[in-house]
Every structure is written in structure tokens, then in C-alpha cells.
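Student: I would like to see how this sequence folds:
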Amino acid sequence: MTAPAGGPGAAVRNGPARPAGYGLVRAGRGSFLVHRRAAAVAGVLAVLLAAVCLTYLCVGESFVTPGEALKAAFGQPSSAGLVVGTLRLPRMVVGLLTGAAFGVAGALIQTVARNPLASPDVIGITQGASALTVGAMTYGITSYAVLPYLSVAGGVLAAALGYVFAWRGGLHATRFVLIGIGFAVALRSVTQLFLTKGDYTVAQQAQVWLTGSLNGRGWAEAAPLGWALLVLLPAVLWAARAQRTVTMDDDTATALGVRLNRTRLGLAALGVVLAAMATGAAGPVDFVALLAPQTARRLTGTAQIPLLCSALLGALVVVLGDVLARKLLAPTELPVGVLTAAVGAPYLIRLIVRGRAVGGRA
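Tutor: Numbers count the residues shown, from 1 in each chain. Here you go, the predicted structure:
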């Protein structure tokens with residue numbers, strides 16, 4: 001006898017109930033849940049990113065047809081081999097990797113702090129990377145083989161100090177953000193001090209780097225960042241799963257046996273390293289880590305910030321921003337950080353005003 005629809009037999013046939021909006025995807029003997037809307041958004045973003053990348057390879061001082069650009073990008077003989085393969089492609093790859101790293105870093109740090117303002121460029125991480133890098137330039141270290149590692153060290157050190165000062169038997173989100181903002185202001189002053197002490201030529205070079213620019217970037221910057229992101233990929237996959245427990249309230253997570261402080265520390269450390277590496281490769285491209293995660297969350301409607309969509313959005317913002325930076329005032333080329341700041345600063349003000357409005361109603 002067949003059980004009626006919705007009866008006990010249906011639960012046996014269909015398996016355990018799935019959360020609304022999720023679909024079950026089977027891979028071999030295993031299976032996993034996928035948020036349908038997030039998957040659709042990721043697909044659309046990937047298509048948009050591919051279109052922007054093709055535009056990036058075609059547009060410049062000289063126009064290259066899409067066919068020739070694709071041939072040169074994939075190593076086939078092409079009349080655009082020098083322009084695309086040597087100049088535009090490596091610069092675009094740096095932009096892709098930098099944007100993706102900033103997007104994921106912002107998502108992780110905002111998740112830990114539970115605050116949309118907790119971006120690496122707001123709470124002092126990129127300022128720490130900038131201060132140590134500019135200090136090294138001031139004292140004669142200008143090699144791009146060394147500077148990215150100094151940026152990572154500076155970002156990690158700034159985050160560690162902020163974490164220590166914010167710790168009071170646990171990580172309090174509001175205190176962490178406020179202390180980070182204080183460190184950001186102090187470290188920015190240290191950076192300016194280095195600029196005034198350094199040689200004029202070095203100071204000019206450092207000033208361009210501080211705006212966040214892909215100008216002159218190539219495989220020398222792309223390769224180390226790409227390998228580092230590949231090594232960190234398992235940690236990012238762990239972070240995507242660990243996010244679910246961090247967004248719970250502390251009592252619920254503790255009752256489920258989650259080591260909340262360790263998980264938060266791991267997520268924050270991963271976000272700091274990603275942000276510092278991205279800063280080392282392209283300079284502090286401001287507000288990408290602020291914009292990408294919150295935009296991704298609004299597009300997908302998920303409880304957690306989706307890491308894949310944040311990475312795709314970060315890459316899209318940086319690559320599209322660099323296309324516009326090269327063409328808006330041609331032949332003058334703007335640093336990409338100028339455009340991201342022009343978009344991100346009003347968004348930051350909106351977040352602050354909105355937070356005050358919500359607080360006033362409460």
C-alpha cells in the first residue's frame with residue numbers, strides 16, 4: 001500500500017527535510033546542499049567577470065579584436081601577442097587575484113566582527129601593511145620581490161595588536177572595530193611620517209603605491225599571490241563551513257560543542273593574511289573588501305556572507321575599475337584605488353548613517 005503524500009512514507013522516500021531555498025547536489029557517493037539563489041548569482045557574476053576580462057584585454061591605447069585577444073591570452077600565435085600577452089594579461093591576472101583576495105578577506109572579517117564596517121581597510125589591517133611597506137621604501141628597500149612579504153607582516157602585526165587590545169575574555173565585536181579604527185588612524189600618521197622623511201623619488205613611488213594601482217604589475221606579482229591563494233584554498237573551504245557556527249549566538253554555539261574563540265581566531269587570521277597579501281601585490285585598493293561582501297549578501301539573501309560570490313564581486317570591481325581608470329581620462333591613467341574609493345566612501349557613509357538611524361529607533 002502506498003503511503004499518502006506528506007505521510008511517513010514520503011519522509012523515507014525523499015530523505016530528511018532540506019532548508020528552504022537549498023538543493024541537494026550529489027557528487028559520486030557524497031552529496032551537499034547548495035543555496036539555489038547563491039548558485040545562480042555566482043553564475044551570473046562569473047559570466048559578467050568573463051565579459052569584463054575580455055573587454056580588459058581588448059581595450060587600451062590600441063584596440064585588439066576579441067578573437068586576437070583570446071588567441072594571445074591562450075598562448076596561440078597572434079598579432080596582439082606583445083600587447084595582450086606581455087602587458088594586459090598579467091596585469092589583469094593581478095587584478096583578478098587581488099580583488100578575489102580582498103572580497104574573501106572582507107567577508108571573513110565582517111563575519112567574525114558581525115559588523116559590515118569591519119573591513120580590512122577600515123580597522124587598520126591595510127594601514128599596517130602600508131606603514132611597514134612605506135617604511136621599508138623610505139630606507140631603501142624598493143624591490144617588489146621583498147615588499148609583498150613586508151606588507152603581509154605589517155598587516156598581521158596590526159591585526160594581532162588590535163586583537164590583543166580588543167580581547168576581554170572573548171572577542172567583543174564592537175570593541176574590535178573601534179580599536180581597529182583607532183589603529184588605522186595612528187598607522188596612517190606613521191605612513192605620512194615615513195613619506196616626509198624619505199627621498200623625493202621614493203616618496204612619489206610610495207604615494208602611487210598607497211593609492212592602490214595595477215600600473216606596472218606583471219607575472220612577478222601575480223605568481224606569488226596565485227600560489228599563496230592556491231595553498232590557502234583548503235583553509236578557505238574550511239572557512240565557508242565554519243562561518244555557519246560563528247553566526248550563531250554564543251550560547252547556542254557553545255551548546256553544540258563549537259570552540260567559538262578558536263574558530264573566530266582562525267577565520268580572522270585567514271582574512272588578515274588574504275588582505276595583507278592583496279595589499280602587497282597591488283597596494284591598498286580601498287573599499288573593495290567593504291563593498292563586495294555586503295553586496296554579495298544582499299544579492300543572494302543568505303544568512304552568511306557567501307565567500308564565492310564575494311570573491312567574484314571583488315575581482316569584478318577591481319578589473320572593471322582598472323578598465324575605467326585606464327580609459328576615463330586617457331591618455332592619463334588613474335590608479336584603480338581612486339575609483340574604488342570614489343564608490344566606496346559614499347557607501348561607508350551610508351552604512352554609518354543607517355546604523356545611527358537604526359540605533360535611534362531602537
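Student: helices along this protein, start to end?
Tutor: Taking DSSP state H as the test, the helices found in the chain are 8-14, 36-58, 66-73, 89-113, 125-138, 147-166, 173-197, 200-211, 219-246, 250-255, 260-282, 288-300, 307-327, 336-361.
Student: do you know which of these lies nearest residue 79?
Tutor: Nearest of the helices of the chain to residue 79, taken as C-beta to C-beta: helix 66-73 at 6.0 Å. Bear in mind the C-beta positions are built from the backbone N, C-alpha and C, glycine included.
Student: so which other helices or strands are in contact with that closest one?
Tutor: If you count contacts as 3 or more C-beta pairs under 8 Å, 6 or more residues apart in numbering; DSSP states H and E, helix 66-73 packs onto helix 36-58.
Student: packing partners for the helix it packs on?
Tutor: Against helix 36-58 (3+ C-beta pairs under 8 Å, 6+ apart) you get strand 22-27, helix 66-73, helix 89-113, helix 288-300, helix 307-327.
Student: residue 281 is nearest to which of these?
Tutor: By C-beta to C-beta (comparing all of these), the closest turns out to be helix 89-113, at 5.4 Å.
Student: counting contacts, what elements does the closest one pack onto?
Tutor: If you count contacts as 3+ C-beta pairs under 8 Å, 6+ apart, helix 89-113 packs onto helix 36-58, helix 173-197, helix 219-246, helix 260-282, helix 288-300, helix 307-327.
Student: low pLDDT regions in the protein?
Tutor: 1-34, 142, 169-173, 247-259, 351-352, 354-362 (pLDDT under 70).
Student: at 50 instead, please
Tutor: Residue ranges of the chain with pLDDT under 50: 1-16, 356-362.
Student: right, and the helices and strands packed on helix 89-113 - which one's nearest residue 100?
Tutor: Closest approach to residue 100 among the helices and strands packed on helix 89-113 is made by helix 307-327 (4.1 Å; C-beta to C-beta).
Student: give the contact list for the closest residue to residue 325 other than its chain neighbours.
Tutor: Leaving aside its sequence neighbours, residue 325 sits nearest to residue 334 (C-beta to C-beta, 6 or more residues apart in numbering; 4.1 Å). Residue 334 sits next to 325-326, 328 when contact means C-beta atoms under 8 Å, 6 or more residues apart in numbering.
Student: now flag whichever of those residues is closest to residue 200.
Tutor: Residue 200 has its nearest neighbour among these in residue 325, at 24.9 Å by C-beta to C-beta.
Student: hang on, the earlier thing: a markdown table for the helices and strands packed on helix 89-113, including distance to residue 84?
Tutor: Below are the helices and strands packed on helix 89-113 laid out as a markdown table (distance: least, C-beta to C-beta, whole Å):
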| stretch | distance to residue 84 |
| --- | --- |
| helix 36-58 | 5 |
| helix 173-197 | 35 |
| helix 219-246 | 14 |
| helix 260-282 | 20 |
| helix 288-300 | 25 |
| helix 307-327 | 14 |
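Student: looking at these, spot the one closest to residue 210.
Tutor: Once the helices and strands packed on helix 89-113 are compared by C-beta to C-beta, helix 173-197 is nearest, at 7.1 Å.
Student: helices and strands around that closest one, which ones?
Tutor: On a contact count with 3+ C-beta pairs under 8 Å, 6+ apart, helix 173-197 meets helix 89-113, helix 125-138, helix 147-166, helix 200-211.
Student: that helix to helix 260-282, inter-axis angle?
Tutor: On the basis of axes from the mean of the first three to the mean of the last three C-alpha atoms, to 10 degrees, helix 173-197 is oriented at 30 degrees to helix 260-282.
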